[in-house]
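Undergrad: what shape does this take:
(one chain, ligands or ions: 1)
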Amino acid sequence: MPSAVKKGASVAAQDAAVESLRDREIGVEQEHLDRVYRRLEEKIDEAEFLMNDAVKRGQVGTPGALAERDAQVFRAGIHLNRLNSEFEDFLFGRIDLLLGKDGERGPDGAYTSVEPADDAVREDATADIAETLHIGRIGVLDSDYAPLVIDWRAPAAAPFYRSTPKDPGRVVRRRVIRSKGRQVLGVEDDLMRPELTASLGGEKLPVIGDGALMAALGQARSHTMRDIVSSIQAEQDLVIRAPAASVTEVTGGPGTGKTAVALHRAAYLLYQDRRRYAGGILIVSPTPLLVAYTEGVLPSLGEEGQVAIRAIGSLSDDAAGLDGATAYDEPPVARIKGSSRMLPVLRKAARGALERGRPAAPRQEAGQLSFGEEPEDAPAAAVATPDRLRVVAFGARIELEADELRRIRDNVLGGTAPVNLLRPRARKLLLDALWNKSSGRGRYTDPELAAELRSSFDEDVSTETPFLEFLDAWWPELTPRRVLAAMADERRLARWSRRVLNQGEVRRLARSLRRLDAAGEGPLSVHDVALLDELQALLGTPARPRRKREADPLDQLTGLEELMPQREETQWERAERLAAERTEYAHVIVDEAQDLTPMQWRMVGRRGRHATWTVVGDPAQSSWSDPDEAAAARDEALGSRPRRRFTLTVNYRNPAEIAELAAKVLALAMPGMESPAAVRSTGVVPRFEPVRDGDLAATVRAEAARLLAEVDGTVGVVVAMNRREQARGWLAELGERVVALGSLEAKGLEYDATVVVSPAEIADESPAGLRVLYVALTRATQQLTVVSGERDLPDADGVPDLLRD
Ligand SMILES: Nc1ncnc2c1ncn2[C@@H]1O[C@H](COP(=O)(O)OP(=O)(O)OP(=O)(O)O)[C@@H](O)[C@H]1O
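TA: Next comes the predicted model:
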């Protein structure tokens, strides 16, 4: 038999042996998973029993029993919910450990020691496995309280993530288990102590596969992010489990896992101190696209209720709809709106919007209330208010004229209190002025009688329709949208922004706000939202009368209502009410923090005045033009809290071939800045494609189609912002796996393959264009094509000027 054939046969035999070992190990883990599910079923039965029992208690009907039932239903409900969640790979890890230094066990039943006992390894480099822990999305104890599964966030699970061959601690073998539903599909092992011959139950510890990380990174991408719970790396784990005492700041280049780490940190914090974070965790994301991409991760980690993931354009209540604002301003306008120079302008606008002037509404007569008229060339008042008040008291007419009213208004507006909260003061000064003109004043010298007369005057006048209508029109509640719309008038805006904005800026800003009607209705841009939020804080929200509890008519009839104790809110109701009312959070996580403008930092800061923070970002990817101004606003939002800083150094997304190309742009955008090391290489170099036959659409379409045929997952086509709509048209026929994105929308997202269209167009879009291009070039996990037009000055190989050495 020729030797090649013999060799082939022995390789085949070896392969078969590896396969059978793998099958055996899969069988071992399957057995464990079956045990876990049997135990989970028992727990679900218990929880259901508790629920039913609680419902029965509720039928007794005393207030005490009701409260007890609510509490029990609440607890059992949470428990059931968690147990019933279909975790796709509920059990995902295992560590086999040496004997620990001391024999102490933690609350989850695992030994706590991180270091091995002195005699754990024998002189001949053999050792016995003393403890095996399985790691999963939630912890499960068996009926004897021994750990069947350790929650990934528990201290005992930390070695699963932290152990490295350089610093292995007690871990000999780390195993990642892949399962679907109740079935184990595969196992991948990493040996942390390859120098040891370790045995488990008298047999040599087997090792399967080449490690889980590479397997995870090579998978095709879909339109939703996956959790990385089975392959978190040591430097990422340090961030996830960092104590939340103050501000945790994380920087790292593209693809280093900042978003993934931020999401896992939210889950970790909730696990670690659920009571503290009952106040909620807010995750601020740059775009609704990134929210949609990431929002499945927390439920897959068994957490959702307490975490709100919001796009920066939907943070203010005024940005109606879940996605909030999605329109983008032109870069020069965005630059004005994002700058903290807007602050003095908004302060003036908030106070100036209530001005006397030519009414926007037609002249009207309401009772004795009349609107004045201004000369034609005066600007229309932002919110036109009446300029004369007439009431009748003590049988006579009393009037306040325009200049008296103006004096009162100026007096009321003198301080810094929010305009909408000043109405009671305005009302009081109006009554004072009317009283001073009335015949009641000076009628009595006796102070008690005088005070009595005054109070009945106030009561009579202030409940009369003319006075009430006047007050509503003269001091209406201002909405942020209305004030923003008022700023669309160039002359008025120029007045409010004197010495702050130049003429060109005023014109641009005013023009951009003409999308809104007089009431402020209309499409908002992402940057408008921070302005609205600032205005909301400047205007204030008047206290609303509390809604009365719905009364039972029978109780009212029988007088029982008086005797009944006020029903306590149930915990469910309380949780729902708090969620609806929540404007501040216990922990705030800011993703892509480098992009927040000063005005956005103020908006986010208001939501975390008493919070701890996790702030993740990469200055090299910033699309904001003035990093110093943003840094000052960020410092103000985070206050003087101490900060812990972490840096992530490994790029898990891009293969080395793509990272290398992107590094050329980084060198132009931020000379001297290091790019993160790519963890893998695919051998596939980026492709350069000049526009063919002058037909950009056809070239891009052909490249996208080619990539679709080559990858299993998604393809992203990134274009300059003003080509967004156009690009959607180009790709319309290519199906759902491909998407067109404006450069700013690509933030944080990733695709199996990307087509970056005209680097020069993207770079020239704004002062931060090169950094935006760096973002665009770092979105692919497998393949990248760069399409260049004339403006890119491609060389003979199609490589655009910006990407040449
Ligand atoms: N430990 C890990 N195991 C498996 N995959 C990982 C790991 N860390 C990161 N990844 C993957 O790498 C990709 C990049 O992660 P992520 O989006 O969190 O990076 P990022 O630092 O936020 O990137 P960018 O700054 O470019 O937005 C994701 O697909 C993520 O799942």
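Undergrad: work out for me the element residue 449 sits within.
TA: Following DSSP states H and E, one finds residue 449 within helix 447-462.
Undergrad: same check on residue 531?
TA: Assigned by DSSP H and E, residue 531 falls within helix 526-539.
Undergrad: other SSEs contacting that helix?
TA: Helix 526-539 is packed against helix 331-338, helix 342-352, helix 480-486, helix 598-606, with contacts defined by 3 or more Cβ pairs under 8 Å, 6 or more residues apart in numbering; DSSP states H and E. (Each C-beta comes from the backbone N, C-alpha and C, glycine too.)
Undergrad: now the helix holding residue 449: buried residues?
TA: Going by neighbour count (16 or more other Cβ atoms under 10 Å), the buried part of helix 447-462 is 453, 454, 457, 458, 461, 462.
Undergrad: the residue in the stretch 551-700 of the chain that the ligand sits nearest to and residue 255: what is the separation?
TA: The nearest approach of the stretch 551-700 of the chain to the ligand comes at residue 652, 3.6 Å away (Cβ to the nearest ligand atom). Per Cβ to Cβ, to the nearest Å, residue 652 is found 5 Å from residue 255.
Undergrad: so which of these two has more stuff around it?
TA: residue 255 (27 against 22; other Cβ atoms under 10 Å).
Undergrad: list the residues that contact the closest residue to that one other than its chain neighbours.
TA: Nearest non-adjacent residue to residue 255, counting by Cβ to Cβ, 6 or more residues apart in numbering: residue 653, 2.9 Å away. Residues in contact with residue 653, defined by Cβ atoms under 8 Å, 6 or more residues apart in numbering, are 254, 255, 750, 778, 779, 780, 781.
Undergrad: got the residues of the stretch 701-805 of the chain near the ligand?
TA: The stretch 701-805 of the chain comes close to the ligand at residues 748, 750, 778, as judged by Cβ under 6 Å from any ligand atom.
Undergrad: again, only using 8 Å
TA: Residues of the stretch 701-805 of the chain lying close to the ligand (Cβ under 8 Å from any ligand atom) are 747, 748, 749, 750, 775, 778, 779, 781.
Undergrad: of these - the most surrounded one?
TA: Among those, residue 778 has the most neighbours (other Cβ under 10 Å), with 30 neighbours.
Undergrad: pretty sure that residue contacts residue 660?
TA: No: when contacts are counted by Cβ atoms under 8 Å, residue 778 is not listed as touching residue 660 (11.2 Å).
Undergrad: how far away is residue 744 from residue 768?
TA: Between residue 744 and residue 768 the computed distance is 10 Å (Cβ to Cβ).
Undergrad: what is the burial count for residue 601?
TA: Using other Cβ under 10 Å: residue 601 sits among 25 other residues.
Undergrad: so who does it touch?
TA: Going by Cβ under 8 Å, 6+ apart, residue 601 touches 630, 633, 634, 636, 637.
Undergrad: what do you get for residue 325?
TA: 313, 314, 319, 523, 524, 525, 526, 528, 529.
Undergrad: do that again at 7 Å, thanks
TA: Going by Cβ atoms under 7 Å, 6 or more residues apart in numbering, residue 325 touches 313, 319, 524, 525, 526, 528, 529.
Undergrad: show me which pair in those is furthest apart.
TA: Between any two of the contacts of residue 325, the greatest separation by Cβ to Cβ is 10.1 Å, found for 319 and 525.
Undergrad: report the buried residues of the helix or strand encompassing residue 588.
TA: If you go by DSSP H and E, residue 588 is part of strand 587-590. Using 16+ other Cβ under 10 Å as the burial criterion, the residues of strand 587-590 that qualify are 587, 588, 589, 590.
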